[in-house]
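Student: The amino acid sequence is not available; the structure is as follows:
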């Protein structure tokens, strides 16, 4: 009975092999979670899927189907249009300002590094300014 429960516990915890794998890949996993890769991939997939479904919906709608397929084609066309245009809005509202903020911060850091050698004051960015963008 104890051997069976020990084997079950080892299987659930993953054993030494899983611990070794996690130890080797923990830095990559942290970078993946804290980075923006997941956001960018999901936006790209939504954009491509929305465009493809809009083309399919338009093709079905243009063929002149009767009632049930015509309604489904209209719904597919409208939902796909909403999907890919939503991605475009998200890019302009969220991604572009974030990139510009990062560029401005890098420029300020470069200026501070240069000015630090000449004795100029450092520019302080408050928490409120960071949140506003």
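Tutor: Yes, it's here. As the structure is a prediction and not an experimental result, all values here were calculated from the model. Numbers count the residues shown, from 1 in each chain.

Student: buried stuff in the top helix by length along the chain?
Tutor: Of all segments of type helix in the chain, defined using DSSP state H, the longest is helix 37-62. Counting neighbours by 16 or more other C-beta atoms under 10 Å, one finds that the buried residues in helix 37-62 are 43, 47, 50, 53, 54, 57, 60, 61. For glycine as for every other residue, the C-beta is placed from the backbone atoms N, C-alpha and C.

Student: just those now: which is nearest residue 69?
Tutor: For residue 69, the closest of these turns out to be residue 60, at 6.6 Å, with distances computed as C-beta to C-beta.

Student: ok, residue 80 - how many residues close by?
Tutor: Counted with other C-beta atoms under 10 Å, residues neighbouring residue 80 total 20.

Student: What are the contacting residues of the helix or strand containing it?
Tutor: Secondary-structure element containing residue 80, defined by DSSP states H and E: helix 67-90. Outside of helix 67-90, the residues within contact range by C-beta atoms under 8 Å, 6 or more residues apart in numbering are 43, 46-47, 49-54, 56-58, 60-61, 64-65.

Student: residue nearest the centroid of this protein?
Tutor: Taking C-alpha atoms, centre = their mean, the centroid of the chain lies closest to residue 39, which sits 0.3 Å from it.

Student: Now do it against residue 81, distance only.
Tutor: Noted for residue 39: a distance of 22 Å to residue 81, by C-beta to C-beta, to the nearest Å.
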